[in-house]
Structure formats: C-alpha cells, structure tokens
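Visitor: One predicted model, sequence on top.
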Amino acid sequence: MTSSENASAWPDLKPTALLVLADGTVIEGFGLGAEGQAVGEVCFNTAMTGYQEILTDPSYAGQLITFTFPHIGNVGTNDEDIETVNMAATPGARGVILRSAITSPSNYRAARHLDAWLRARGIIGISGIDTRALTALIRTKGMPNAVIAHAKDGHFDLYGLKKEAREWPGLEGMDLVPMVTSSQRYTWDETPWEWDKGFGRQDRPEFNVVAVDYGIKRNILRLLAGEGCKITVVPAATSAEDILAMKPDGIFLSNGPGDPAETGKYAVPMIRKVIESGTPTFGICLGHQMLGLAVGAKTKKMHQGHHGANHPVRNETTGKVEITSMNHGFAVDETTLPKGAKQTHVSLFDGSNCGIELEGRPVFSVQYHPEASPGPRDSHYLFRRFADLMRENKRA
Ligand SMILES: NC(=O)CC[C@H](N)C(=O)O
C-alpha cells in the first residue's frame, strides 16, 4: 500500500473523541453517535453478537460499555432487537467504546447504520481504542469511572472532563431505578420472536403475573408471555398491598441498574411481604440481589463484574452446566445467605453466587439473564419452572 492510499483510509487523524478516566488518563479516539459527553463506570462486555440488545438493556444505565469483540456494528441495527421498554426514560448504556470504526451494515435485517442509530438515541461513542489494553486494565484495577467526550471540531475542555470523571461518585450507593422504571402500569402479551413469523401474541393466558419494573427487558416479558402469562407491569415503588390486591398467580422481580443495596430500601420491604403471602415469585439479576437482601443476605460490589454471553454456571440441583448471559457488577455474598435460602447456581468463572431458592416457599431467583437477548438459550427452562410453580400453587 502506498502512503497516499494509507492516508485515504484514515482521511483525518485528528481525534474527535476522548476517553478520560478518573485517574486522569486521557485516551484519544474517533467520535461515534451523539456529540457531547457521558460519565459512568466502564465495564467490558465479551459478547460477540447482540450489541443492540446490550446497549438497550436498562441495567446498563450509568455505565459505559467497552466491547472486547473488535467489529461492532457490522450487522447494523433494526427496530426489533431493542430491550428497553420505557424508551423515553433511558437509552440503556450511556456510552460505547469500540476498537474498530463501524463498517457498512451487512445483514438482511439491517435498517440503519449503528452510528446513526447511536446518534438518534443520544448515545455517545468512541472508536479507535485499544480495547484489549482497557480490558486488561479493568481486570487488574477494577471498573474505572470515566467520561467519554465527542466533539466533531476536536475541541475539549480537558480540565473539566478530568474533574467530572474524578468527581462522579460511582455506582456504589447509587439508586438508578427511578430513572428507568415506568411511571404507569401497562399490560404485556407479546411472545418471543420466531423465524419467519416475528413476534406472536398470548391470547389464551393461563396465569396473571405482576412484573415489578426496575428496568425490565422486553425478552423477559416475551418469555413469560410465551409460558402462558398475561403480565401487568407495575412501577418500582408499587406497594406489596397494591400488588397483592391484583391477585396475581405469580410475581416477577426484574433486572435493573445501580446498587441493589440502595434500590432495596423500598423494594426489600415489599419483597418480604410478597414472600410471606406465599405467592410464587421469580427474580432476575437486580431482582435476585434484592430477594437476597430481603431474606437477610448482603450484596457486594464486584471487582470487574460479569458482562458477556458465555458465562458458565453450574446448576447445583442437577449438576448441569449452563452457558449464560450475564450483566452485573454487584453480587449476593454467598457467605451471608441465611438458613432457608439455598444456593442453587454457582459461577464457574469465580465461584460467585448465581441463584437461590427459598426452602418451603415457591420463590427462586438467578443472578444471570436466562432470557439471554443476547446469548444462549440454555436457561430458558427457568421460565417454565416459574409457570410450573404457579400451576402447582393454583391447584393447591
Ligand atoms: N442486570 C442487572 O439487573 C444488574 C443488577 C445490578 N445493577 C448490578 O450491576 O449488579
């Protein structure tokens, strides 16, 4: 390649975006998506596909995602692979950090270039970053707070950016659920996407489920609907009395962003009461952590967190290993689980707690994302288990 051809591949090497870490490190790159700046915690995600679902998962509010897979955006974006329900409240992740520039979309479902889609959703991004080095840094030092700034003219207030990154208080102690929960009740009957059919409808529901929205993902609602549920989604601060007055066959506690110990301040008293009522209850991720808090366990911040679509988890009841989708930076401290709360699933990466069930009660939860989106379908059986518990409970 001649030097002029090389130059045309990189027509303008002037940085148009910066990644500024809380320790003052400044990394130059090229701006993507919206212009402006976004502050949050940087976490790495190891999924090779499904970037659109990852970026729209409300659990990522307050986070900047660096993908370890270098070619993000190559299949474009569409209007179906979106996990946020409450789009007005949150775009999901605040920012995105990529290795390579985004190439033209190549996929029959692609409707829009990832860059244009990020811009339309107000997500700020940076490419040209050595994401391997950044991931190695997170592995040794933990997840740093940082600011991504994108300005087409290449002018940045470096002092201001460093100050913002340094002074952002961090996710520990932060309750982000009020930002992402829905403000109103709504019902849901859409079932999962099928090849050549698209989404379906649940028109003969067997169960009434109340799902508490801490930042719920669409595919959770679809899989519940697929198991025969008509779902009423309620805001995060709904009381146990209001939930039980709806006479649900089952209660679902959703995933969500931020520190479970903070969110738990209003969710935990509600969860304690619904457990007491004997209603079958199923929790995922933040819902799992808050169920843990409700029975008296403690949660803790993790060093690098678990974010990806390839995490092995052992089911302690069957001995089987599931490959799971994960997205969490906090975890239930298994050493604090009280008698009566049995550990049902364990991470084979670090031995951390991945699931519990309450002895003598129809209540269970998992730390990972059995709905995947993106990720493998190994853990879909948990939705059937919830349906079975509701069926048994109705018969009793
Ligand atoms: N996906 C989730 O629900 C995440 C839960 C919690 N915010 C965590 O980071 O651990």
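Guide: Yes, it's here.

Visitor: What is the neighbour count of residue 125?
Guide: Residue 125 is flanked by 30 other residues according to other Cβ atoms under 10 Å. C-beta here means a position set from N, CA and C on the backbone, and glycine is covered the same way.

Visitor: and the nearest residue to it once chain neighbours are set aside, what is it in contact with?
Guide: Nearest residue to residue 125 in three dimensions, chain neighbours excluded: residue 32, at 3.2 Å (Cβ to Cβ, 6 or more residues apart in numbering). Residue 32 makes contacts with 17, 96, 98, 102, 114-115, 118, 124-127, 150, as judged by Cβ atoms under 8 Å, 6 or more residues apart in numbering.

Visitor: ok, now with 6 Å
Guide: 115, 118, 125, 127 (Cβ atoms under 6 Å, 6 or more residues apart in numbering).

Visitor: Can you list phi and psi of the residue most central in space within the chain for me?
Guide: For the chain, the residue nearest the mean C-alpha position is residue 59 (3.7 Å; Cα atoms, centre = their mean). With angles defined as degrees, to the nearest 10, residue 59 sits at phi -60, psi -20.

Visitor: Just confirm it contacts residue 257, I think it does.
Guide: Yes: judged on Cβ atoms under 6 Å, residue 59 makes contact with residue 257 at a distance of 5.1 Å.

Visitor: which neighbours do those two share?
Guide: With Cβ under 6 Å, 6+ apart, residue 59 and residue 257 have common neighbours residue 215.

Visitor: Now tell me what touches the longest helix seen in the chain from outside.
Guide: Secondary structure assigned by DSSP state H gives helix 260-276 as the longest helix of the chain. For helix 260-276, the surrounding residues in contact (Cβ under 6 Å, 6+ apart) are 175, 177, 237, 240, 251, 281, 286, 289-291, 293-294, 299, 330, 363.

Visitor: Out of those residues, grab the one that's most surrounded.
Guide: Among those, residue 286 has the most neighbours (other Cβ under 10 Å), with 33 neighbours.

Visitor: what sits against that residue?
Guide: Contacts of residue 286 (Cβ under 6 Å, 6+ apart): 214, 255-256, 260.

Visitor: Could I get the full set of helices for this structure?
Guide: 3-9, 51-55, 114-121, 131-141, 158-167, 177-180, 218-226, 240-245, 260-276, 286-294, 381-395.

Visitor: Output those helices as a markdown table; include the columns distance to residue 310 and mean pLDDT.
Guide: Shown next, in a markdown table, are the helices of the chain (distance: least, Cβ to Cβ, whole Å; pLDDT from 0 to 100):
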| stretch | distance to residue 310 | mean pLDDT |
| --- | --- | --- |
| helix 3-9 | 32 | 48 |
| helix 51-55 | 13 | 97 |
| helix 114-121 | 22 | 96 |
| helix 131-141 | 14 | 97 |
| helix 158-167 | 30 | 98 |
| helix 177-180 | 26 | 93 |
| helix 218-226 | 18 | 98 |
| helix 240-245 | 35 | 98 |
| helix 260-276 | 24 | 94 |
| helix 286-294 | 20 | 98 |
| helix 381-395 | 18 | 97 |
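
Visitor: Compare those and give me the one nearest the ligand.
Guide: Comparison of the helices of the chain against the ligand by Cβ to the nearest ligand atom identifies helix 286-294 as nearest, at 3.6 Å.

Visitor: got the angle between that closest one and helix 218-226?
Guide: Orientation of helix 286-294 against helix 218-226 (axes from the mean of the first three to the mean of the last three Cα atoms, to 10 degrees) gives an angle of 80 degrees.

Visitor: mind saving the C-alpha coords of helix 286-294 as CSV?
Guide: Output of helix 286-294 as CSV, limited to C-alpha atoms (Å, rounded to 0.1, in the frame of the first residue of the first chain):
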residue,chain,number,x,y,z
LEU,A,286,-31.3,-7.0,40.4
GLY,A,287,-34.4,-8.8,41.3
HIS,A,288,-32.3,-11.7,42.6
GLN,A,289,-30.0,-9.4,44.5
MET,A,290,-33.0,-7.7,46.2
LEU,A,291,-34.6,-11.0,47.0
GLY,A,292,-31.2,-11.9,48.7
LEU,A,293,-31.3,-8.7,50.7
ALA,A,294,-35.0,-9.4,51.6
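
Visitor: ok now that helix, how far from the chain's centre?
Guide: 15 Å (Cα atoms, centre = their mean, to the nearest Å).

Visitor: Same question for stretch 194-208.
Guide: For stretch 194-208, the separation from the chain centroid amounts to 24 Å (computed by Cα atoms, centre = their mean).

Visitor: got it, and stretch 213-227?
Guide: That offset, for stretch 213-227, works out to 13 Å (Cα atoms, centre = their mean).

Visitor: what's in contact with that stretch?
Guide: So stretch 213-227 is contacted by 57-59, 83, 85, 177, 180-182, 188-192, 202, 209, 231, 233, 236, 254, 256-257, 286, 371, 373, 383, 387 (Cβ under 6 Å, 6+ apart).

Visitor: Pull the contacting residues for the closest residue to the ligand within the stretch 1-150 of the chain.
Guide: Residue nearest to the ligand within the stretch 1-150 of the chain (Cβ to the nearest ligand atom): residue 59, separated by 3.2 Å. By Cβ under 6 Å, 6+ apart, the contact set of residue 59 is 215, 255-257, 327.

Visitor: burial count for residue 60?
Guide: Residues lying near residue 60 (other Cβ under 10 Å) number 31.

Visitor: That one is in contact with residue 93, isn't it?
Guide: Yes: counting by Cβ under 6 Å, residue 60 touches residue 93, with 3.9 Å between them.

Visitor: mind giving me the domain ranges of this structure?
Guide: What automatic domain parsing lists as the domains of the chain is 14-167, 177-395.
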